[in-house]
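Visitor: what's the 3D shape of this:
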Amino acid sequence: MSAPSPSFLMICTGPNCGERGGKALVRGLRDLLIDRGQHGPIRVAPVSCFGQCATGPNACAWPNGAFVTGLDGSRPEVALAALSAQPAPANPADPA
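Guide: Numbers count the residues shown, from 1 in each chain. From the prediction side, this is the model:
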């Protein structure tokens, strides 16, 4: 079973990540999704901090649970692929 496609891409734009490419990544992902006709089913949301400043820019996808660090603000296509390809984390409350 494959991971669900992300509905939201949350990109850190806090002081550290924002200056290291997070803000550019938000713009780039929005433009990329518009170009691909995916802006609507997939939304890009800036967030203030994930608490992983040393490894940023960081991003998280929902509902597939992908969390990616060390993104490049000039490569939104790489960020989108990484956030879409991550498997959903196991939920210990789900029956086996």
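
Visitor: what ranges do the helices span in this structure?
Guide: 15-17, 23-35, 76-85 (DSSP state H).

Visitor: Show me which residues of the second one are buried.
Guide: Put plainly, it is helix 23-35. 23-26, 28-30, 32-33 (16 or more other Cβ atoms under 10 Å). C-betas here are computed from N, CA, C, even on glycine.

Visitor: mind checking how far that helix is from the chain centre?
Guide: Its chain's average C-alpha position is 11 Å from that of helix 23-35, according to Cα atoms, centre = their mean, to the nearest Å.

Visitor: Now mean pLDDT and distance to Arg43 too, for the helices of the chain, in CSV please.
Guide: Shown next, in CSV, are those (pLDDT from 0 to 100; distance: least, Cβ to Cβ, whole Å):
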stretch, mean pLDDT, distance to Arg43
helix 15-17, 95, 19
helix 23-35, 96, 8
helix 76-85, 91, 12
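
Visitor: Need the buried residues of helix 23-35 in TSV (columns: distance to Trp62).
Guide: Listed next are the buried residues of helix 23-35 as TSV, based on distance: Cβ to Cβ, whole Å:
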residue	distance to Trp62
Lys23	20
Ala24	22
Leu25	17
Val26	16
Gly28	19
Leu29	14
Arg30	17
Leu32	18
Leu33	15
